[in-house]
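Peer 1: When you get a sec, could you give me coordinates for this:
(4 chains)
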Protein chains: 2
Amino acid sequence: MNKSKQRDVVYDVLCGTVSHPTADWIYDEARQVLPEISRGTVYRNLKELLGAGKLIKVEGIFEKDRYDADTSLHAHLVCRECGSVVDFTPIDMENVFQIGQLDGACVENYSLVYHGLCFDCNNKN
Amino acid sequence: MNKSKQRDVVYDVLCGTVSHPTADWIYDEARQVLPEISRGTVYRNLKELLGAGKLIKVEGIFEKDRYDADTSLHAHLVCRECGSVVDFTPIDMENVFQIGQLDGACVENYSLVYHGLCFDCNNKN
DNA sequence: TTTTAAATCAGTAATCATTCTTAATTTATA
DNA sequence: TATAAATTAAGAATGATTACTGATTTAAAA
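Peer 2: Coordinates of the predicted model:
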């Protein structure tokens, strides 16, 4: 991967926030630094950084993709009131499937998706 | 909600599978029964059934929406080999955050998203 | 340093899942 | 039955994301 100003700016923008932003928000921020950057460049570099393991997509929000420079395994809470997406670290998640109060927040529902190999594919030679 | 043949067919198709199908797959199946049904009708009725709590959308798959007539709280595994989406019941999930073998399947990663109220919104009067 | 090939870019068109619109039909009910 | 509300089929519109193109930048060889 060659170096590129644009990719660095995209990555820096993402590292500079905890808000799990959308591609378009990152695009707007990146333009403050590089007014000529195009939306396509932001999307392409987000995809490349994702492939390189430098960021993750936050899943299960049901709208635009969200990005996160924190690649450690952690959960997210989507607030139905303000729409913000906030982190929960494994320590917070001792009672993962307890619907109700959790660490000052209120969990009403959750979505857990595993990625890997199903029974059949895992037990096939 | 008035009765409608189309909505019943959409619901019956979804109840008749455990494959967590996409809207388009449901559309194709529904046309076997009602050749005149339109794609928009399938989408609209899926949305209405969702609002009525008769089905759920499966989140976090990173592609088209998937639907599930099983509205109980359970997890899903997306297989990277065959692409299938299979259920995990709460009983399977005792060691939820154990990456590795789980019930014969192989969990390589997971995504957990809570829905509810964030700290601020939950503690605001 | 120059040269050359590969990578990346800006701009924009294309894609594709989903939603919206409209005029016609069906359903519920007075 | 008559009337109003709900639903439909068909297809246009939307909007996030991806693909394409010709120009520019980067890396590394000569």
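Peer 1: Contacts for stretch A:37-48 next, please.
Peer 2: A:1, A:4, A:6-7, A:9-11, A:23-24, A:26-27, A:30-31, A:55, A:67 (Cβ atoms under 8 Å, 6 or more residues apart in numbering or on different chains). Where you see a C-beta, it was placed from the backbone N, CA and C, and this is true even at glycine.
Peer 1: from those residues, which ones fall inside strands?
Peer 2: Judged by DSSP state E, the subset of these located in strands is residue A:67.
Peer 1: Residue A:75 contacts residue A:86, doesn't it?
Peer 2: No: here residue A:75 does not reach residue A:86: they are 9.7 Å apart, not a contact under Cβ atoms under 8 Å.
Peer 1: who in chain A is up against DNA strand C?
Peer 2: Proximity of chain A to DNA strand C (Cβ under 7 Å from any atom of the strand) is limited to residues A:1-2, A:4-7, A:34, A:36-41, A:44-45, A:48.
Peer 1: Quick one: buried ones out of those residues?
Peer 2: A:6, A:7, A:37, A:41, A:45, A:48 (16 or more other Cβ atoms under 10 Å in any protein chain shown).
Peer 1: Toward the C-terminus, what is the element adjacent to the longest strand anywhere in chain A?
Peer 2: In chain A, taking DSSP E as the definition, the longest strand is strand A:105-117. Heading C-terminal from strand A:105-117, the first helix or strand you meet, by DSSP states H and E, is helix A:119-122.
Peer 1: Show me what that next one is packed up against.
Peer 2: strand B:105-117 (3 or more Cβ pairs under 8 Å, 6 or more residues apart in numbering or on different chains; DSSP states H and E).
Peer 1: hmm, the strand it packs on touching chain A?
Peer 2: Yes: among the residues of strand B:105-117, B:105-117 lie within reach of chain A under Cβ under 8 Å from any Cβ of the partner chain.
Peer 1: And that strand, what does it pack against?
Peer 2: Counting by 3+ Cβ pairs under 8 Å, 6+ apart, strand B:105-117 packs on strand A:75-79, strand A:105-117, helix A:119-122, strand B:100-102.
Peer 1: and these, which is most packed in?
Peer 2: strand A:75-79 (a mean of 23; mean count of other Cβ atoms under 10 Å in any protein chain shown).
Peer 1: okay, it in PDB with CA atoms only?
Peer 2: Taking C-alpha atoms only, strand A:75-79 is exported to PDB below (Å, rounded to 0.1, in the frame of the first residue of the first chain):
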ATOM      1  CA  ALA A  75     -20.000  -3.900  21.800                       C
ATOM      2  CA  HIS A  76     -22.000  -0.800  20.800                       C
ATOM      3  CA  LEU A  77     -25.200   0.700  22.100                       C
ATOM      4  CA  VAL A  78     -27.400   2.600  19.700                       C
ATOM      5  CA  CYS A  79     -29.500   5.200  21.500                       C
END
